[in-house]
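> missing the sequence, but the structure's below:
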Ligand code: TZP
Ligand code: MG
């Protein structure tokens, strides 16, 4: 996938694991797909997270749903799982294995990296990141160990410095505030709870998608 194709796919990046849902994750993902998500990350984390075979089984079932509709399937943190099931990519943070090592392990798979400042961004880019996740943009209840809220300042800074790598904002994003990420130069938004816990998953996804489609990145 080229950077431009990736940029398009990152518009509405839904992230979810079993702990982010209060009903069957497969139903949640199906409805999110119907609502117009463009990218998916399996992030099995937190209290009560599935392990081993159960984690693998859910990953395979979610991956199957994504495959049917050509939505890239990304695995959070678990590089071995991503390789074992031939996922489309992995997403790692600064606490995970170094970007360069992960790049070596996964070959051409998509590699997303969470970055929180200019220095981390440059290092990740040089080590082979394909896109950045930047946040938390707004306060979030979903990640208990999230870094301080930073708004869209880093997205703006990187764009002002001429860095054109695909970027998604993450943290507390919903239909009413998604436009701020796009206006700052983001290519899309990553969303967990505003979709996974919405009374109507499909409608929530649809309204966020509408917002990102009508608020294009200036680059
Ligand atoms: N990284 C920074 S904030 C966050 C992650 C994984 C959680 C985002 O979840 P939500 O529910 O969309 O605020
Ligand atoms: Mg991580």
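Now that the structure is in, tell me what you want to look at. For clarity, every value in this text was computed on a predicted model and none was experimentally measured. Ligands and ions are numbered 1, 2, ... in the order given.
> can you give me the helices for the protein?
3-9, 25-35, 52-68, 79-84, 99-106, 118-126, 153-160, 178-183, 193-196, 201-214 (DSSP state H).
> for the third one, which outside residues touch it?
Counting contacts by CB atoms under 8 Å, 6 or more residues apart in numbering, the residues outside helix 52-68 that touch it are 17-18, 25-26, 29-30, 33, 40, 42, 44, 49-50, 72-73, 75, 78, 81, 84-85, 87. For every residue, glycine as well, the C-beta is placed using N, CA and C.
> check the first one too.
Contacts with helix 3-9, where a contact means CB under 8 Å, 6+ apart, come from 1, 38-39, 71-72, 110, 130-131, 164-166, 187-188.
> now the two most distant members of those residues.
71 and 164 (23.7 Å; CB to CB).
> with neighbour numbers in mind, choose between those two.
Between residue 71 and residue 164, residue 71 has the larger neighbour count (other CB atoms under 10 Å), namely 22 against 12.
> quick check: closest non-adjacent residue to the more buried one.
Counting by CB to CB, 6 or more residues apart in numbering, residue 71 lies nearest to residue 40, which is 5.4 Å off, once chain neighbours are set aside.
> what pLDDT does that neighbour get?
Residue 40 is assigned 98 on the pLDDT scale.
> burial count for it?
Residue 40: 25 surrounding residues under other CB under 10 Å.
> distance of it relative to residue 180?
In this view, residue 40 and residue 180 are 23 Å apart by CB to CB, to the nearest Å.
> one more: residue 205?
Between residue 205 and residue 180 the distance is 19 Å, computed by CB to CB.
> who's more crowded, those two?
With neighbours defined as other CB under 10 Å, residue 205 and residue 180 compare such that residue 205 has more, 26 against 19.
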